[in-house]
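In: here's a sequence, model it:
(chains A and B)
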Amino acid sequence: MNSVVILLLAVITALIGYYVYAKYVDEKIIQADPKKATPAVMYMDGVDFMPTSRHVLIGYQFKSIAALGPITGPIIAIQWGWLPALLWILFGVFFIGWVHDYSSAILSMRNEGQSFGALSYRLISPRARVTLLSFIYFYLILILAAFGDIVATMMAKISSVPFAILALMGTGALAGWMIYKKRSDILYTTFLMVALSLIGIYLGTVLKIPGSKTLWVLFALLFSYLGAVLPIWSYTQPINYISFYLVFLGMLGAALGILIGHPVASTPAFTTYTIGVGPLWPILFVTIACGAISGWHSLVSSSGTARQLQNETHNRYVTAGAMFLEMVLAALAIIIASATFKDFGAYAAEMKASGPAGVFAKGMSSLLAYLGIPGGFGTAFAGAIFVILAITVMQLVLRFARIATAELAGDAIPALRNMHLGALLAMAITYLLIATGTYGYIWTLFGGSNQLMASLALMMVTIWLASQKRNYHYALWPMVFMFLTTISALAWTAYRMYENIGKLQAGKLPPPAGQTVGMAVAGNGISILIALFLLVAALILVWDGFKAFGKAVWPTTSLGQGKTKEA
Amino acid sequence: MSVLLFWKGKKKEEPKAAEELAGKEGTAAKEGLGDAVKELVYGLAAHDMARYALKTRSSMEHLFILITMGDLLGVPILPPYYSLRLMPYVVPQISTWKRRMLREKDLTDALF
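Out: Just a heads-up that it's a prediction; the model follows:
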């Protein structure tokens, strides 16, 4: 299929979803009321609660939800064929993705702008909040491991990338100093630093820095550590700010490349039902998380966006609109992986050699070549963009992880309230996972914790709708599907890793490159423990959720007399 | 939002009442395409920075109010002369400060 057709399909699905289905839910079920005072207006405090323009908010929402997730997932999923990946992205966003983001925001807005921690406590059960926090913690650690692996693999394979990242560290820190300390004109600072970063990427093609994967893992963790402990304005923020323009330029270039070159998908529409990481159902549905549905978005929608929407009717534009935009981004990733390689063999070889990062860099440089950008610079630029997307998220995630460590374990072990110790503990776990784990399974577990957060969010929306005597089916069935799929995916992954331990010990399965048999066995063992923890937590959540749902729907029955707090 | 105004290269305006900010002008969406694009790019590039800056300022203000709150309650911590000088800056913020301090918070509040 022609790549322009894939892009058009995504755009048409987005338009129908936004103007038909989302409009119906917004007007008929939720009944968004422009006259109802939103938390941003009622509790305006100039900090968390702040009425903000919907155009600003859709940009904020999109930037907060769209990072490496919607790109990496589809690239991996091409192994099943581009058609299943595309269908899941289109139907997943149409029936589940936007529902989740939009409903999370409206749930928070109609409940005084409460965050999901407080809402899960109130709507489901006290332990639902603890479960949510544990999902978040594992999500943070697994995303650090998954992205850290990607960054290190890319920097070890494409030696023109490291200099570009070092240049970005310099320009980002300089931008922070100029903006906040020197009070320089922000447009001048932006142009100067983006130009310097581009020069840095070009110089990277000349000043190549070779290094092993272990070296670059440590570099990525050091980069993140600085982001986690330095004042946010001096390092993390300005680096992410300059990075945004580089990524935006790259994505714009790739989209233009598709329109000019309109390459045809060269990989098969469907390959086989079961690939290395597992069968199409349920594994595909956790492999592509962010591009179709992601629990992380519920946190952005509730704690972030819901407290800034100045009118209920803006919610569809901001949250559903951003999710449909992300769907188009995921479709772009499918095109990069499926239409820029000679055939499936070339794609598979690149996946094996450099993982999704290598596929992205090669594929995107092919698209940039349609604009006349030379291959060497194109590959370095695309590689740098991929690493930037990962590493800028890593530094924020490590920052969150140290806060989470302090919150979850600070009372028991007061030393963990120290930001350096909290960050170092998260880094140690991350390093352990990267050094001993298998990338494919780590990504699946990351997707699993993410999709469980999404299931929890949909569960809360369903219970809230039921308690309000509104039609809850548009959230209930996506929730049931996501719970069943994710629980199955985690159980299957745990079982496969258990099998792998036996094969590794019997010598029937070689350990991943750079690992000994003992390390691989330990890695599989740690991953099994994480999978089982998530699995048990999910089952407890299902039970608590069922009781809370029963109380909302059948208040006079024995279920309705339970101890769950009034919604 | 001083950071937004700074980013747009405008002079800082006097703070407006919450109702005015919410309903009439302030940060209300402008309808022109150019303004919409400008706001979109700001939202993509810098709105999270503005939010962080505001949160950082509010933590500082929390400490400031805590220092001067003693006098309001009749338990002076600072010499009363300085508290009296600082009081006009504190009083307008007390209502939103109470809301922020008393709101139940956990990790999900700290992320965004």
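
In: for whichever residue of chain B sits closest to chain A, which non-adjacent residue is closest in space?
Out: Across chain B, no residue is closer to chain A than B:Gly43, which sits at 2.4 Å (C-beta to the nearest C-beta). All C-beta atoms are positioned from the backbone trio N, CA, C, and that covers glycine. In space, and not counting its chain neighbours, B:Gly43 is closest to A:Gly59: 2.4 Å by C-beta to C-beta, 6 or more residues apart in numbering or on different chains.

In: residues contacting the residue of chain A found nearest chain B?
Out: In chain A, the residue that lies nearest chain B is A:Gly59 (2.4 Å; C-beta to the nearest C-beta). By C-beta atoms under 8 Å, 6 or more residues apart in numbering or on different chains, the contact set of A:Gly59 is B:39-45, B:47.

In: helix or strand: which one has it?
Out: Secondary structure from DSSP states H and E places A:Gly59 in helix A:54-65.

In: got any ranges where chain A has weak pLDDT?
Out: Counting by pLDDT under 70, the ranges of chain A that qualify are A:558-567.

In: then chain B?
Out: Ranges of chain B meeting pLDDT under 70: B:1-31, B:78.

In: helices of that one, start to end?
Out: B:2-7, B:18-19, B:33-45, B:47-73, B:80-90, B:94-102, B:107-110 (DSSP state H).

In: can you add distance to A:Gly376 and mean neighbour count and give those back as TSV?
Out: Below are those laid out as TSV (distance: least, C-beta to C-beta, whole Å; neighbours: other C-beta atoms under 10 Å in any protein chain shown):
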stretch	distance to A:Gly376	mean neighbour count
helix B:2-7	35	18
helix B:18-19	55	17
helix B:33-45	29	17
helix B:47-73	34	16
helix B:80-90	58	13
helix B:94-102	52	14
helix B:107-110	43	20
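
In: what residue lies at the spatial centre of chain B?
Out: B:Leu54 (5.6 Å; C-alpha atoms, centre = their mean).

In: quick check, A:Gly525 in contact with A:Ile501.
Out: Yes - with contacts counted by C-beta atoms under 8 Å, A:Gly525 reaches A:Ile501, the gap being 6.7 Å.

In: higher neighbour count, the two?
Out: Using other C-beta atoms under 10 Å in any protein chain shown as the criterion, A:Gly525 and A:Ile501 rank with A:Ile501 on top: 18 against 13.

In: measure that one to A:Tyr21 for me?
Out: Per C-beta to C-beta, to the nearest Å, A:Ile501 is found 45 Å from A:Tyr21.

In: likewise A:Ser488?
Out: 27 Å.

In: neighbour count winner among those two?
Out: Neighbour count, other C-beta under 10 Å: between A:Ser488 and A:Tyr21, A:Ser488 has more, with 19 against 16.

In: dump the helices of chain B to JSON lines, plus distance to A:Ile106.
Out: Converted to JSON lines, the helices of chain B look like this (distance: least, C-beta to C-beta, whole Å):
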{"stretch": "helix B:2-7", "distance to A:Ile106": "25"}
{"stretch": "helix B:18-19", "distance to A:Ile106": "22"}
{"stretch": "helix B:33-45", "distance to A:Ile106": "20"}
{"stretch": "helix B:47-73", "distance to A:Ile106": "21"}
{"stretch": "helix B:80-90", "distance to A:Ile106": "36"}
{"stretch": "helix B:94-102", "distance to A:Ile106": "22"}
{"stretch": "helix B:107-110", "distance to A:Ile106": "17"}
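
In: among those helices, which comes closest to A:Asn418?
Out: helix B:107-110 (16.9 Å; C-beta to C-beta).
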